[in-house]
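J.: sequence first, predicted coordinates after that:
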Amino acid sequence: MSETTYLVATDVGGTCTDTIIVASNGDIHIGKALSTPPDFETGVVNSIRSAVEMMGITLEQALENTTLFMHGSTVADNTLLTRAGARTGLIATEGFEDTLLVTRGAYGRWSGLTEDGIKNPVMTSRAEPLVATDAIAGVRERVDCDGDVVEALDLAGAEKAVRFLIEERQVEAVAVSFLWSFFNAAHERAVRDIIKRVSPQTYVTLSSDIAPVPGEYERTSTAVINAYAGAIAHDYLNALEGLLRTHGYRGQTMVMQGYGGLLPVKEAADRVVGMIECGPAAGVIGAKFLGDMMGDADIIAADMGGTTFKVGVIQNGEIEFAREPLVDRFHYVAPKIDVVSIGAGGGSIIQLDPKTHLPTVGPRSAGSRPGPVCYGLGGEEPTLTDVMLLIGYMDPGSFLRGSMELDRENARRVFDEKIARPLGVTVEEAAIGIYRVAAAQITDLIRKITVERGLDPREFVLHSFGGSCGMLASAFGAELQVRRIVIPYTASVNCAFGLVTADVRHEYSTTTTLPAEATPDEVNAIFAPLAEQARAQLLSEGFPKDRVSLTWSVDLRYRRQVHEVTTPVAAATPLDRAGLDRLIEDFEALYERKFGKGSAYREAGIEMTMFRLTASGMIERPNLPKQAEGGPDAGAARTGRRPVFSEKHGALVEADIYDFTRLEPGNRLAGPAVIHTPITTIAVQADQTARMDGYRNIILDLEG
Amino acid sequence: MDPMTFSIIRHRLFRIVDEAVITLKHVSGSAITNEGHDLMVSLYRADGSLLMGGVGFLHHLTSAAEACKSIIRRFEGRIREGDIYLLNDPYTAALHTSDIYLVAPIHHDGELVAWSACFVHVYDIGAMNPGGFSPQSPDIFTEGFSSPGIKIVDRGEMVDDVLDTMLNMVRSPEMVTLDLRSMIACNNVARERMQALIGKYGAETVDAAGSELIRQSEDLFRARLRELPDGEWQSRQYLDVDGETAVVRLTMTKTGDRLAFDFTGSSPQSRYAINCTRWASLGGLFAPLFPLLCYDITWNEGVIRPVEMIAPEGSIVNCTRPAPVSVATVAAIQSVNNAACATIGKMLAASDTYRAQATAVWHANHFAIFKFGRNQKGGEAIGILTETFAGAGGARSFADGVEIGGEIPNPISRMANVETVEANFPIRYLFRKRMIDSGGPGEWRGGTGGEMAITPHKAPDGGIHYVISGKGARHPMSDGLAGGLPGAPNRYLWIKPGESSGEASGEASGEASGEDGGDERIPGAANPVSWGVFPLMGEDALYVRWNGGGGFGDPLARDPDRVAEDVRKGLVSRTAAEDIYAVALGDTGAVDRSATERLRSGRLAARLEGEQVS
């Protein structure tokens, strides 16, 4: 018998570092440890160790038999949020040195603010830029909109600028961003050569490398972010690889990207901007994998932890990418799965507005310390978690496998004092009201992001991830009238799970404008070099032709309109006339679906503006065994009854309580009910039925 | 009403407006709507009073309410479910003809329960000059299509003859069609979502929440006014156009929980299209009032009730038909924005509690420049220079203004990338950057404005033309506060290479083109341009400089190290550092403390003696 091998995936989050180990026999092991900033690699190893402990082998035994290690990390986000990056300089086209600082006018002043923040402009400012304003140098050069050189690069001036930044301003990293460099990168490359000659150790990012797309502000900002965080991420990935090697791992490390694909560590280290928000992206990839397995192509993936509620959308098996990604308050341009978040989580603090006396939930969070009042760690501000306890969804005795006793009486006292009494209602009434406010806010958020994409939530299946989501999903899912709600078996380590379901993926693109009337040959000629580059790249990473898949897509728009729609090429490639016609038809259908009936402006003509190639190197999939489903009777898992909130009754009613670990595939139970899992709690509303499927996922069917 | 349900309904009303805005932007697809955010959507109660105003161009919130009310009066008894009405007559309720209102009744069980309204700046309205701003129009009759109220959707059916008649009068009718479609879709979304809300909570509950929301806003606003000191504050705005100067005078009086704005003393209406009508002035003063005084209060009828306005008939802020008004939104209305921002700022600065909310005037003067012509791809292109949305922030009591930071009445605008413009117009930028010494000096400096220059590039016709309604080149308009000085004025220069300065025929403005017209970066004769249609051909360049924000507090009180830092960053010149801030800098750029001390005490002594400070 061959030895068991493992796929290991570890996702570093803000609070916890999660691991999932999938054994070649299909067994799944889960590990969790606290994240350890700034030396995240320690937390990674702790997390793997916690999963291995359940397996009865040593860390070394596991890692020696690991075929692939997949990793998602917040190191990029963390470097930016804590402003811990390198001293960075910027070289720009003379006359346009202020592009980064000016942020396309007010855009950078209001981006990333809450709606309330936007309403009070007097209190708004831009974020402090990542480049000191005196570390920006202009160089004479100019390329035009066709890539033609209007003014040659002033080489002497460029060297002077480089020396000024490195010798006088003492920068450790330099971003170079010239106008129209994505059409003609010669000037940027010449400056890189000068930097490498003058100061070989300086970290350099060219805008034409990192973001070869039109729009100088976003391209410059991306280059600056990459230069700023590049060295730290590079060092971190090196340290992590070294540490894993000392524990016996000999394989490749694959790093998750914000677009949901993996990159070999060497490449990832040069494109740190790609690592931004890769954890949530992995979560959406995981949801897609589960959806594929369960035959669902339209999914709303919701994740609610301690501080934030995050949501991503999968439509017809396709994942939506962000149009204007933002990290902290900085714009960047890189393919990134769109995950929208609001400050609502279990730790969100509940307050009464001092003037209106209306209750608000979040965005302030009590975090894990002091945490909710019921944790008994000194928290004196009521949180959503306290509400969940007061409406019966959480059980004081069974929280985190009973490792922490929740203080219900204290939670009740504080909630009564700060919320219920000032509102003049009972504790239960106030808690129910807060629960409804939180559910309504989430409903509104999901409506907003589905409407933005021209989608109807009623056609979607809701996936509920994270420690707090299971208690609210049955309420907001019902209001959104989703088809059904799935609480996956891996809900508590969803981002890590997403890592093991991802492929190695490279994204290539070329910006150029072609009318819809172009010939298929013209389009094929644009894709041909991209495809060649992609195949060579994947081959060098060990993917032979039969494990490579190339997909094409094209950004199209109606002339004189601003909305561009990335349209997948459905026909066989290279394209023939019919295939290109199909692309145009698909674009028109997609446009109307996204932007509404009557939005298409055919009279103006259609043009193609960007050509994108996605190249995947397919890696082994976890083989999840499906158990046979047994009878529906869930009685053996019932542990008792207690009063819990039922939306239908508008009050707390006696309901059955179930233990997830004792449920068997095929079991069914009717709401109102509560299911406790080792990590979280699932509330089942009246008129809803919960069942466990062959993968131990819980599925809520909505009736009526 | 129970506070939880109220909370949920309030949030949902806000979201309905938000969803309608998304729809508007999606369907329209135009740059001015999507990038400039030159739009507005709001909800009104059955009687047309403002229920929930969205974030957009805020001077429309009250005039769209008047649009609803005037449709109610005009169509009484004939308003049916699924109708949509168009109104764009400035003498009825609109601001200018190119900002079209589409207002739609919302019914539940056959009963009229609410209204939705929206506007976009349509692609063209058929005025003398393309694009909507029509500097050459002498009267309202030449400012294009205008209607005091017309039904364009009848019970869900498009009234095609009406639509076709209107489209027959505009340039690029297909683009205008799209603008109208976007507003129809927007109203449809607002109606569907309102009906769903009423379906869930009941008409009575939603209506009660609406009353409560308005009552709450009124209570909160009146309470805030009571916290502020009583008094009378004044401000003046000098608006120059093509050599003439008009003045908007404002006296704001706060008594208890009431606020009165009196424009008595403002200039008579102008022969230029810089005038505005009465409803436009009301909108103009509410645009800064909402975010400055009601940043944490829902913007609705409750905020409007404690406010009254006096605007003399026949004046520039309450013109009488047929005075031209096509440039109003960036002329008299903007001056009203500025004047109200200044008086409100003075009142806030006089309050211990609300001093931090005070601001000097932001971006006081839009330069509406529409470029048009055949582009490098051979297509016709018309578009506004979006730098006009970029503006500059006024200084606050605790911080400098935001450099090129936008404006108050339209809080979420943005300007286009240089590459976007160069891809669509046959022009090339020579530079675009922050403008030195443009931020109003003060203890806290106003945000700098910007400067830019463009020249034809690969133009099939050798260049393009542009319509300019450029005002504000003579008088600074971004007023300072609490001793702060105003931001620098705008400037528009047509630079012709091969001619020496002063040779070319001067403008009627009589401004000396030599004074600061020349620019060593662009050799040639510099001629001020301000009003009308001009060519940009061959190697011509158009130089535009836009205003900085006003300063806050005495420039002599500015921390000398901040002045030195500004000089180092290129935001303030050494000359201004010495002349205005009285800060002496050594050769390295560091503050010479003793010399600065001497300069400042000398300057202060001179002030006390009443001498002219050089």
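T.: Yep, that arrived. Numbers count the residues shown, from 1 in each chain, chains lettered A, B, ... in the order given.
J.: tell me, how many residues neighbour the residue of chain A found nearest chain B?
T.: Distances between chain A and chain B by Cβ to the nearest Cβ are smallest at residue A:106, namely 2.6 Å. (Glycine included, C-beta is placed from N, CA and C.) Applying other Cβ atoms under 10 Å in any protein chain shown, we find 31 other residues in the vicinity of residue A:106.
J.: residues in contact with it?
T.: Residue A:106 makes contacts with B:389-391, B:402, B:405-407, B:411-414, as judged by Cβ atoms under 8 Å, 6 or more residues apart in numbering or on different chains.
J.: which of the residues you listed ranks first by neighbour count?
T.: Counting neighbours by other Cβ under 10 Å, the top entry in those is residue B:391, with 33 neighbours.
J.: with adjacent residues omitted, what lies nearest to that one?
T.: Nearest-residue entry for residue B:391: residue B:363, 2.7 Å, with adjacent residues in sequence omitted and distances by Cβ to Cβ, 6 or more residues apart in numbering or on different chains.
J.: then residue B:139?
T.: The shortest distance from residue B:139 to any residue that is not its chain neighbour, by Cβ to Cβ, 6+ apart, is 4.2 Å, and that residue is residue B:322.
J.: part of a strand, is residue B:284?
T.: No: the assignment for residue B:284 (DSSP: H, G, I helix; E, B strand; the rest coil) gives helix, which keeps it out of a strand.
J.: and the chain, what are its domains?
T.: Just going to use chain A. Residue ranges for the domains of chain A, per automatic domain parsing: A:83-223, A:504-617, A:635-702.
J.: please refer instead to chain B.
T.: Segmentation of chain B into domains, based on automatic domain parsing, reads B:3-219, B:359-553, B:558-608.
J.: contact residues of the stretch 551-700 of chain A facing chain B?
T.: Counting by Cβ under 8 Å from any Cβ of the partner chain, the residues of the stretch 551-700 of chain A close to chain B are A:558-563, A:594-599, A:601, A:603-604.
J.: try 10 Å
T.: A:557-563, A:591-592, A:594-605, A:607, A:609 (Cβ under 10 Å from any Cβ of the partner chain).
J.: looking only at pLDDT, what's the mean for the longest helix along chain A?
T.: With DSSP state H applied, the helix covering the greatest number of residues in chain A is identified as helix A:216-246. This predicted structure assigns helix A:216-246 an average pLDDT of 96.
J.: next: stretch B:458-465.
T.: Taken as a whole, stretch B:458-465 carries a mean pLDDT of 96.
J.: looking at chain B, which residue is nearest chain A?
T.: Here the residue of chain B nearest chain A is residue B:406; by Cβ to the nearest Cβ that distance is 2.6 Å.
J.: quick check: that residue touching residue B:386?
T.: No: with contact taken as Cβ atoms under 10 Å, residue B:406 and residue B:386 are classed as non-touching, separated by 11.7 Å.
J.: now do the shared contacts for these two.
T.: Shared contacts of residue B:406 and residue B:386, defined by Cβ atoms under 10 Å, 6 or more residues apart in numbering or on different chains, comprise A:105, B:413-415.
J.: give me phi/psi at the residue most central in space within chain A?
T.: For chain A, the residue nearest the mean C-alpha position is residue A:280 (2.6 Å; Cα atoms, centre = their mean). Main-chain torsions, residue A:280, degrees, to the nearest 10: phi -60, psi -30.
J.: quick check: nearest residue in space to it, chain neighbours excluded?
T.: Residue A:280's closest residue in space is residue A:339 (Cβ to Cβ, 6+ apart), at 4.1 Å.
J.: cool, residue A:636 as well?
T.: Closest residue in space to residue A:636, ignoring its immediate chain neighbours: residue A:662 at 5.9 Å, by Cβ to Cβ, 6+ apart.
J.: that neighbour and residue A:692, how far apart?
T.: Relative to residue A:692, residue A:662 is positioned 11 Å away (criterion: Cβ to Cβ, to the nearest Å).
J.: what do those two both touch?
T.: Contact criterion Cβ under 10 Å, 6+ apart; residues shared by residue A:662 and residue A:692: A:634, A:637.
J.: tell me which of the two has more neighbours.
T.: residue A:692 (27 against 12).
J.: what residues are up against the more buried one?
T.: A:487, A:489, A:627, A:629-630, A:632, A:634, A:637, A:658, A:660, A:663-669, A:675, A:698-699.
J.: residue B:38 now?
T.: B:30-32, B:56-57, B:60, B:99, B:119-121, B:329, B:384, B:386, B:389, B:410, B:413.
J.: in strands only, show me these.
T.: Among the contacts of residue B:38, the ones falling in strands (DSSP state E) are B:99, B:119-121, B:384.
J.: which of these has the largest number of neighbours?
T.: The most crowded member of these is residue B:119, carrying 31 neighbours; neighbours defined as other Cβ under 10 Å.
J.: from residue B:540, how far out is that one?
T.: In this view, residue B:119 and residue B:540 are 35 Å apart by Cβ to Cβ.
J.: give me the mean pLDDT for stretch B:36-54.
T.: 91.
J.: okay, buried residues for stretch A:393-410 please.
T.: Residues of stretch A:393-410 classed as buried under the neighbour-count rule (16 or more other Cβ atoms under 10 Å in any protein chain shown) are A:393-395, A:398-399, A:406-408, A:410.
J.: try stretch A:609-619
T.: Burial within stretch A:609-619, assessed by neighbour count using 16+ other Cβ under 10 Å, is assigned to A:609-617, A:619.
J.: stretch A:109-118 too?
T.: Of the residues in stretch A:109-118, A:109-111, A:113, A:118 count as buried by neighbour count, 16+ other Cβ under 10 Å.
J.: out of these, who's near chain B?
T.: With Cβ under 10 Å from any Cβ as the criterion, those include A:109-111, A:113, A:118 near chain B.
J.: can you list those in JSON lines and add secondary structure and pLDDT?
T.: As requested, these are exported to JSON lines (DSSP: H, G, I helix; E, B strand; the rest coil; pLDDT from 0 to 100):
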{"residue": "A:109", "secondary structure": "helix", "pLDDT": "96"}
{"residue": "A:110", "secondary structure": "helix", "pLDDT": "94"}
{"residue": "A:111", "secondary structure": "coil", "pLDDT": "93"}
{"residue": "A:113", "secondary structure": "coil", "pLDDT": "89"}
{"residue": "A:118", "secondary structure": "helix", "pLDDT": "92"}
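J.: what is the nearest of those to residue B:555?
T.: Proximity of these to residue B:555, judged by Cβ to Cβ, is greatest for residue A:109, which lies at 24.1 Å.
J.: show the model's pLDDT score for the residue nearest to residue A:636.
T.: Looking at residue A:662, its pLDDT reads 95.
J.: tell me which residues in stretch B:378-398 are buried?
T.: Neighbour-count burial for stretch B:378-398, counted by 16+ other Cβ under 10 Å, picks out B:381-397.
J.: I'd say residue B:574 and residue B:592 touch.
T.: No: with contacts counted by Cβ under 10 Å, residue B:574 stays clear of residue B:592, the gap being 11.9 Å.
J.: can you list residues touching both of those two?
T.: Both residue B:574 and residue B:592 are in contact with B:564, B:583-585, where contact means Cβ under 10 Å, 6+ apart.
J.: out of the residues you listed, the closest to residue B:267 would be?
T.: Compare each of those with residue B:267 using Cβ to Cβ and the shortest gap goes to residue B:583, at 38.8 Å.
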